[in-house]
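**Q** Structure, please.
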Amino acid sequence: MTGNSSSTEDAYMSALRCRIEQVKMREKLMNTGYKQGHGWNYRSKYDDVVKKQNMLIASFQFLTIVVNSIGLVFLTGSLCIFLVSLIFLSCKN
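**A** Next up is the predicted model:
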């Protein structure tokens, strides 16, 4: 009987220690300015200016790639047409 009651007391003591640790953690969070409740301490404000700037930069980079690709296609097409016409003109004479 004595062994059974001491194991019960140990279980109660470990549960009490766990609860004390939880209370200490909650008090520590409250003392450090954490007022949001449960969960992670995220920034309180979404910074839309930075998001807009990043989206603008990414859009400009994408537009630059598209324009450069189209320009390269027209340049190579024009060069091919010029070379083909030059070959035909030289063969004609």
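**Q** Give me the residue ranges of this protein where confidence is low.
**A** 1-3, 33-44, 93 (pLDDT under 70).
**Q** the helices in it, which residues?
**A** Here the chain has its helices, by DSSP state H, at 2-31, 48-92.
**Q** For stretch 21-34, buried residues please.
**A** Neighbour counts over stretch 21-34 (16 or more other C-beta atoms under 10 Å) mark no residue as buried. Every residue, glycine included, has its C-beta placed from N, CA and C.
**Q** Could you number the chain from 99 rather than 1 from now on?
**A** From this message on, residue numbering opens at 99, which makes the last subject stretch 119-132.
**Q** From the chain's centroid, how far away is that stretch?
**A** 29 Å (C-alpha atoms, centre = their mean, to the nearest Å).
**Q** just the CA coordinates of that stretch, formatted as CSV?
**A** Extracted C-alpha coordinates of stretch 119-132, given in CSV (Å, rounded to 0.1, in the frame of the first residue of the first chain):
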residue,chain,number,x,y,z
GLU,A,119,6.0,25.8,-15.2
GLN,A,120,3.0,26.7,-17.4
VAL,A,121,2.0,29.5,-15.0
LYS,A,122,5.6,30.9,-14.9
MET,A,123,5.8,30.9,-18.7
ARG,A,124,2.4,32.7,-19.0
GLU,A,125,3.6,35.3,-16.4
LYS,A,126,6.9,35.7,-18.3
LEU,A,127,5.0,36.3,-21.6
MET,A,128,2.7,38.8,-19.9
ASN,A,129,5.6,40.7,-18.4
THR,A,130,7.5,41.0,-21.7
GLY,A,131,4.6,42.8,-23.4
TYR,A,132,3.0,39.8,-25.1
